[in-house]
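K.L.:
model this:
(2 chains)
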Number of protein chains: 2
Amino acid sequence: MAERFFQHTFPNGLTLLAERMAGMQSAAMTLMLPAGSATDPVDRLGSATVLSDLVLRGAGSRDSKQLTDYLDRLGLQRSSSVGVHHSRFGCAGLAERVVEGLGAYSDVVRRPHLPQAGFEAARDLALQSLAGLEDEPRQKLLIKLREWHLPSPYGRSSMGNKEDLEKLTLELAKADHASRYHADGAILALAGNIDFEQLKDEVHKHFGSWNGRTNDDIKVMPPPGNFHHEDQQSEQTHIGIAYPSIPETHEDYYTIRMAIEVLSGGMSGRLFTEVREKRGLCYSVWAGYSSLKTQGSILGYAGTSNDRAQATLDCFMTELHRLSDGVTEAELERAKTGLKASTIMSSESTSSRAGAIAHDYFMRGRIRTLDEIKNAIDAVTVDRVNAYLKKNTPGPFTIVTVGPKALKLPA
Amino acid sequence: MAERFFQHTFPNGLTLLAERMAGMQSAAMTLMLPAGSATDPVDRLGSATVLSDLVLRGAGSRDSKQLTDYLDRLGLQRSSSVGVHHSRFGCAGLAERVVEGLGAYSDVVRRPHLPQAGFEAARDLALQSLAGLEDEPRQKLLIKLREWHLPSPYGRSSMGNKEDLEKLTLELAKADHASRYHADGAILALAGNIDFEQLKDEVHKHFGSWNGRTNDDIKVMPPPGNFHHEDQQSEQTHIGIAYPSIPETHEDYYTIRMAIEVLSGGMSGRLFTEVREKRGLCYSVWAGYSSLKTQGSILGYAGTSNDRAQATLDCFMTELHRLSDGVTEAELERAKTGLKASTIMSSESTSSRAGAIAHDYFMRGRIRTLDEIKNAIDAVTVDRVNAYLKKNTPGPFTIVTVGPKALKLPA
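P.N.:
Below is the predicted model of the structure:
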């Protein structure tokens, strides 16, 4: 591994990753704990989301206000989120301040106060954002699409559901913290102007004695079905289409990635050209590749006026089926150029890189260099893409719609 | 001016700005034409938006498909938007590709084909995004807030209105292009790994003979009133609050910026703490400073469940009035650290910098260095902030709500 990248796994199972970006003043940190929505207890969906808010309401020697003031005084821009596999805490700021803040983040995950008042506020906010989904039919559609496409518990929304959130108590949240916030399987990634040896010492000091093991015994169940319509008196119809694909670790990963770039990358992508530019059917349409640890998916979306919804769905399906006929040399070249350019651009952002190396490690157990990614993209040939597309026809499809009227589904 | 920044105004009135960021592989370009929604003809609101789409549908020697393919083949990530003062075209990619693409952008603004079929598709998409607003009450609220707060035509939405868009014709769009897409007052800004002398030659080649003068005779009218409720059967109530402030060029600009940071910067900001963290009243609340060329505003937003809307509005107003009592030393220090950190972080992004130098030039007629910004922030004292806040009490307020029920307004 080149001296740009560093990796160390502590005896307790925490992995520290770093990318040194010498020209930067800033650094970014991503801490991923294996406490995602897929491991929410079965009757407490949304529990990880409430917990990820609650742990920030006072930890270690600081109460809620002191902790927030302290992190703001360091000038750290912060975020937290819950995905399928992980609860994630992130921050970015001047490099030395990000390292200085690590002690407070170890308090957050290891020694949170979990106060009663904070619990109620955190749960109320979770219930409110769930209710707010009714005003955002596009976001609601994307949540429903994953629910109907992916096997449970991987298709769950991290927002949980009303019934479970209402049953949640502080005691259950405390038990959840004890069982899911552990060093084993956790990933801490930093990118920016940092010294790795010094960083490793800091991390050892704050996280070295953190212990425990997460129980990740997950029972997988098929999704409820392939087609779903959610009735809503909205002005637009929101259409989601999904079908299974290979995971990111598969040798044909960039083969399918490039094919989907031809379908929906840049502005010359087929979907954008056919659905939006030529026919003016809708102003928002895309398809993308998305991967869980063991399963990839192609997810597509279109939002359109109700009277054009059927034509939009039909046109979208035509483009998906047309993939089997293959792509042209010119289309592939444009797709490669676009993906390489966006890879290089995100390599200039400490936040993008901290997220990317953590993701790489989770998916592949190691960090990929930019050259490795660039070479993998360059190695994709038209013949390989077309042979893959001919053999792997799209489907079976999951189709979910949100709007005032169900659509006629493809046979 | 240090060798990091470059500035040149051509005889035709086009100003070229550049920031050399030696460590980067990428560059970003922003081209701003003085064709914003404020200069939309009075009975053709939305005209600049339709035009900014239409000009990309074929220009110079390339038809629509060829132009899109060409820019994708350069690997350029592109955007376009219409604001109050400008129509804006932007792209980012590898530095040499961004420079290579300048010829195509000169075609776009100088020699667009403006085809009939493209006009109809562009207008249809504009009508659709307008209709889609009904499904996005938060975005609708923010549009209505500007409409009711700012004097016309500065409060106009660039999306236009249905009636005007339906009356628009290709002939009117052609006339609009002839009268508003001109060199005079246009700003072209690039940031990244570029050579200025070479860039200046390229720009001269492509834009040097571009001419014409925009007629910017704007008739200003007061907004319709101070309070407005938009009835919508939404799950949440969306609240917007605005009041006038000084423009960015005022000597007390950073004084009020820091005060608003204390109110709503970072997570220790008063609004976040009082409304969200302590009371769990809502999950989204913020206030920010916003500036037109000659007028600043404070704009605030809260989205909350209908039964908490009144309490949220009341709490928000209490925090606004409490500003007059002043801020503490600790609050000001946190606010300064936060603003300086985010300034430094955005200085590491070519896209942020291209936008920032173009904005600086439009507002101030020159580019500010990062040190100048940092020194201006450091120079703000508690005494100055508190004297300012005591003298300039917030108001008069514009309050706009979107939701199922009007709220009781403050006296």
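K.L.:
ok, and what's touching stretch A:106-126?
P.N.:
A:31, A:33, A:46, A:49-50, A:53-64, A:67, A:89, A:159-160, A:165, A:168-170, A:173-174, A:177, A:181, A:186, A:206-207, A:210, B:276-280, B:282-283 (Cβ atoms under 8 Å, 6 or more residues apart in numbering or on different chains). Glycine gets a C-beta too; all of them are placed from N, C-alpha and C.
K.L.:
among those residues, which are in strands?
P.N.:
A:31, A:33, A:58-59, A:62-63, A:89 (DSSP state E).
K.L.:
OK, contacts around the most centrally placed residue in chain A?
P.N.:
Closest residue to the average C-alpha location of chain A: A:Gly83 at 5.8 Å, with Cα atoms, centre = their mean. With contact taken as Cβ under 8 Å, 6+ apart, A:Gly83 is in contact with A:36-37, A:158.
K.L.:
how about it, phi and psi?
P.N.:
Main-chain torsions, A:Gly83, degrees, to the nearest 10: phi -110, psi -170.
K.L.:
how close does it get to chain B?
P.N.:
Distance of A:Gly83 to chain B, given as Cβ to the nearest Cβ, to the nearest Å: 19 Å.
K.L.:
please enumerate the helices of the stretch 51-200 of chain A.
P.N.:
With DSSP state H, counting those that start in this stretch, the ranges of helices along the stretch 51-200 of chain A come out as A:64-73, A:95-100, A:102-110, A:116-132, A:137-149, A:162-167, A:170-180, A:196-207.
K.L.:
now the buried members of the contacts of stretch A:106-126.
P.N.:
A:31, A:33, A:46, A:49-50, A:53-60, A:62, A:64, A:67, A:89, A:159-160, A:165, A:168, A:170, A:173, A:177, A:181, A:186, A:206-207, A:210, B:276-277, B:280, B:282-283 (16 or more other Cβ atoms under 10 Å in any protein chain shown).
K.L.:
can you pull out the helices in the stretch 301-411 of chain A?
P.N.:
A:309-322, A:329-346, A:350-364, A:370-378, A:382-391.
K.L.:
would CSV of those helices with mean pLDDT be doable?
P.N.:
Formatted as CSV, the helices of the stretch 301-411 of chain A follow (pLDDT from 0 to 100):
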stretch, mean pLDDT
helix A:309-322, 96
helix A:329-346, 95
helix A:350-364, 97
helix A:370-378, 96
helix A:382-391, 98
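K.L.:
among these, which is nearest chain B?
P.N.:
Evaluated over these, closeness to chain B peaks at helix A:329-346, with 3.3 Å, by Cβ to the nearest Cβ.
K.L.:
so what touches that closest one?
P.N.:
Contacts for helix A:329-346 (Cβ under 8 Å, 6+ apart): A:257-258, A:261-262, A:265-266, A:268, A:327, A:352-353, A:356, A:370, A:373-374, A:377-378, A:380-382, A:385, B:25-26, B:69, B:72-77, B:92-94, B:97.
K.L.:
ok, A:Gly132 touching B:Gln236?
P.N.:
Yes. Contact criterion Cβ atoms under 8 Å: A:Gly132 and B:Gln236 qualify, at 5.0 Å.
K.L.:
the two - which one has more neighbours?
P.N.:
Ranked by neighbour count (other Cβ atoms under 10 Å in any protein chain shown), A:Gly132 and B:Gln236 place B:Gln236 first, with 29 against 24.
K.L.:
check whether stretch A:157-166 comes near chain B.
P.N.:
No. Judged by Cβ under 8 Å from any Cβ of the partner chain, stretch A:157-166 and chain B are separated, with a smallest distance of 11.1 Å.
K.L.:
may I have that stretch as PDB, with CA atoms only?
P.N.:
C-alpha atoms of stretch A:157-166 as PDB (Å, rounded to 0.1, in the frame of the first residue of the first chain):
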ATOM      1  CA  SER A 157     -36.200   2.200   6.100                       C
ATOM      2  CA  SER A 158     -34.000   3.500   8.900                       C
ATOM      3  CA  MET A 159     -36.900   5.900   9.800                       C
ATOM      4  CA  GLY A 160     -38.800   3.000  11.300                       C
ATOM      5  CA  ASN A 161     -42.500   3.000  11.800                       C
ATOM      6  CA  LYS A 162     -44.900   4.900  14.000                       C
ATOM      7  CA  GLU A 163     -46.100   1.900  16.000                       C
ATOM      8  CA  ASP A 164     -42.600   0.800  17.000                       C
ATOM      9  CA  LEU A 165     -41.300   4.300  17.700                       C
ATOM     10  CA  GLU A 166     -44.300   4.900  20.000                       C
END
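K.L.:
can you give the contact residues for that stretch?
P.N.:
Under Cβ under 8 Å, 6+ apart, the answer for stretch A:157-166 is A:36-37, A:40, A:43-50, A:81-84, A:123, A:126-127, A:129-131, A:133, A:143, A:146-147.
K.L.:
which of the residues you listed count as buried?
P.N.:
For the contacts of stretch A:157-166, buried by 16+ other Cβ under 10 Å: A:36-37, A:40, A:44-50, A:82, A:84, A:123, A:126-127, A:129-131, A:133, A:143, A:146-147.
K.L.:
picking up where we left off before, ok, so of the contacts of A:Gly83, who is nearest chain B?
P.N.:
Among the contacts of A:Gly83, A:Ser158 lies closest to chain B (Cβ to the nearest Cβ), at 14.2 Å.
K.L.:
I'd like to know how far that closest one sits from A:Gln77.
P.N.:
Noted for A:Ser158: a distance of 21 Å to A:Gln77, by Cβ to Cβ, to the nearest Å.
K.L.:
low-confidence regions, chain A specifically.
P.N.:
Scanning chain A for pLDDT under 70 picks out the ranges A:1-2, A:214-216.
K.L.:
around chain B, which positions in the stretch 301-411 of chain A sit nearby?
P.N.:
A:303-305, A:330, A:333-334, A:337-338, A:340-342, A:344-345, A:347-350.
K.L.:
quick one on the thing from earlier: overlap in contacts, A:Gly132 and B:Gln236.
P.N.:
Common neighbours of A:Gly132 and B:Gln236, using Cβ under 8 Å, 6+ apart, are B:Gly303.
K.L.:
run a quick neighbour tally on the nearest residue to A:Arg364 once chain neighbours are set aside.
P.N.:
Computed as Cβ to Cβ, 6 or more residues apart in numbering or on different chains, the closest residue to A:Arg364 that is not its neighbour in sequence is A:Thr249, at 6.0 Å. Using other Cβ under 10 Å, the number of residues around A:Thr249 comes to 13.
K.L.:
please report how far A:Thr249 lies from chain B.
P.N.:
26 Å.
K.L.:
filter the contacts of helix A:329-346 to the buried ones?
P.N.:
A:257-258, A:261-262, A:265-266, A:268, A:327, A:352-353, A:356, A:373, A:377, A:380, A:382, A:385, B:25-26, B:69, B:72-77, B:92-94, B:97.
K.L.:
sorry, back to before: report the buried members of the residues of the stretch 301-411 of chain A next to chain B.
P.N.:
A:303-305, A:334, A:337-338, A:340-342, A:344-345, A:347-350.
K.L.:
quick check: the two most widely separated of these?
P.N.:
Farthest pair in those (Cβ to Cβ) is A:Ser305 and A:Thr350. Separation: 41.3 Å.
K.L.:
wait, A:Pro410 sits on A:Phe397?
P.N.:
Yes. Counting by Cβ under 8 Å, A:Pro410 touches A:Phe397, with 7.3 Å between them.
K.L.:
okay then, goodbye and thanks.
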